[in-house]
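Asker: Return atomic coordinates for the entry below.
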Amino acid sequence: MAEFTMPSLGADMEAGTLQEWLVAPGDTVARGDVIAVVETDKSAVEIECFESGTVGRLLVQPGTKVLVGTPLAYIETAKPPATRPAVKEPAPAGPPNAEPRKTGPEPAPAPSAASPAHPEAGPLVRHLAAERHIDLAAVHGSGPGGRIMRADLEHVAGGDTRRARVTPYARRLAAELHVDLGTVRGTGRDGAVRGTDVRKAARTDAAPTPEPAPAPSAPPTSQAPLRAPHRAETPDTATAAMRGAIGDLMSRANREIPHYYLATTIDMSAALASLRARNRELPVGERLLPATLLIKAVAAAAVEVPVLNGFWLDGRFVPGEGVHLGFVVSLHDGGLAAPVIHDADALTVEQVMSRLKSMVERARRGRLRGTEIAGGTITISSLGDQGVECLYGVIHPPQVALVGFGSVVERPWAEHGMIGIRPVVTATLSADHRASDGAVGARFLNAVDRLLQKPETL
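Answerer: Next comes the predicted model:
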């Protein structure tokens, strides 16, 4: 029997709130299935199971805040049956007129109502199908072995199978005000239900009876009671909590990490020419962005200079097991997320683009999984799409480095005594002086520059 515990979704996370169970005792789960939703100070995250088996007892009720590492449920792992030699027993003698016994395979028993219609569908898919009243028996699975994926449900229902997004604060407020979230129309992005939507629904449900108008003969006096002014809506507490968590983490980073900063300007002519050549052979929806080459260059440079790829733990540098790149994403409702592209050095440029596109979209919808926001060994931050030319970031502890990129802009460029106009980008490095020195950081930035001059190697 294995324990399913509250995971650590970042170095700054000490506790989390179990928001929702997607399974019940007795459900069969496979490794990688999403079985719960956990709320942190930054977002609600879908949590996967790391064992295959049957869900045993659920130890924590939704709405409970517990420390990282606290057992949430038991998973009864399947054990292979002990092999025993087969013993052929003689068939019992039957009456003389008895029909001969059938030796062929017995017909499969009819599925019972208690068994799931599609055991190859994970708990999250079954949960979404139940919410949207979709019969899984009529859904064709596109996953391995015919497993039904979330995309299959979206295809059946025209893309409207995503769970209605509700901010953690809106959930708590709905419970306090006894508001049915199913009746609340969300005004946030993609129909997200926010705290203001819940308060509006509560006021509508409990509309007060109008006060009788005062008699016209009663003159106003200075002793008349004053009506309290209408109080403006407060900002969404969930966003405020996220800002507070980010502020605490960055304050800790600035206080504890002795940063040093380096910058260099990189000629992007070769990289952009290579990108244009690749994109001519790709469909419009799969074309590559310059960010993919920057990510690949940073991943390859981290392999060459591994002392910047890892963590500062217990007074010493611990190298990362693989290059797992965090990429900072600005959220529409405010705040930041840093989904992680695992083993980025081993991916093709096309694979990086696919993962980046998927993660940015799901980060802004609040649909990242726990494994997608944990384990980063080095982080990239870019504000190039905002027109910023230079960015000096703050290291995300316990990592020891952060790489920043600005916009690709055209600038005069001198080479071999000749001046021309070239597309260039400013790359910066924020690094931890406890783990490395400026010479190491310079070697890293030079590696990024050299790799972008030969994009065919990425």
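Asker: In a helix, Leu272, correct?
Answerer: Yes. Assigned with DSSP: H, G, I helix; E, B strand; the rest coil, Leu272 falls within a helix.
Asker: Using the three-state scheme, assign the nearest residue to it once chain neighbours are set aside.
Answerer: Nearest non-adjacent residue to Leu272, counting by CB to CB, 6 or more residues apart in numbering: Pro423, 5.8 Å away. (Glycine included, C-beta is placed from N, CA and C.) Under three-state DSSP, Pro423 falls in the strand class.
Asker: per-residue confidence at Leu177?
Answerer: At Leu177, the model reports a pLDDT of 79.
Asker: Tell me how far it lies from Ala201.
Answerer: 8 Å (CB to CB, to the nearest Å).
Asker: thought Val408 was touching Val424?
Answerer: Yes. With contacts counted by CB atoms under 8 Å, Val408 reaches Val424, the gap being 7.1 Å.
Asker: Which stretches in the stretch 201-350 of the chain count as helices?
Answerer: 237-256, 269-279, 290-304, 349-364 (DSSP state H, counting those that start in this stretch).
Asker: which of those is buried the deepest?
Answerer: Neighbour counts (mean count of other CB atoms under 10 Å) averaged over each of these peak at helix 290-304, with a mean of 23.
Asker: any idea of the angle that one forms with helix 349-364?
Answerer: 110 degrees (axes from the mean of the first three to the mean of the last three CA atoms, to 10 degrees).
Asker: close enough to count as contact, Pro25 and Tyr74?
Answerer: No. Pro25 is not in contact with Tyr74 according to CB under 8 Å; the separation is 9.1 Å.
Asker: and stretch 409-426, average pLDDT?
Answerer: pLDDT averaged over stretch 409-426 gives 94.
Asker: Now do it: distance from first to last residue.
Answerer: Start-to-end span of stretch 409-426 (CA to CA, to the nearest Å) is 9 Å.
Asker: Give me the buried stretch members for that stretch, please.
Answerer: With burial defined by 16 or more other CB atoms under 10 Å, the residues of stretch 409-426 counted as buried are Arg422, Pro423, Val424, Val425, Thr426.
Asker: ditto for stretch 362-378
Answerer: Counting neighbours by 16+ other CB under 10 Å, one finds that the buried residues in stretch 362-378 are 362-364, 366-378.
Asker: looking at this structure, which helix or strand does the model trust least?
Answerer: Here the helix or strand of the chain ranked lowest by mean pLDDT, DSSP states H and E is helix 150-156, holding a mean of 68.
Asker: from the buried residues of stretch 409-426, which is closest to Leu128?
Answerer: Val425 (41.1 Å; CB to CB).
Asker: Which strand residues bridge the closest one?
Answerer: Listed beta-bridge partners, Val425: Ile266 (assigned using DSSP bridges).
Asker: thought it was touching Met268?
Answerer: Yes. Between Val425 and Met268 there is a contact at 5.4 Å, judged by CB under 8 Å.
Asker: joint contacts of these two?
Answerer: When contacts are counted by CB atoms under 8 Å, 6 or more residues apart in numbering, Val425 and Met268 are jointly contacted by Pro290, Val408.
Asker: Which residue lies nearest the spatial centre of this structure?
Answerer: Central residue of the chain (CA atoms, centre = their mean): Leu368, 1.8 Å from the mean position.
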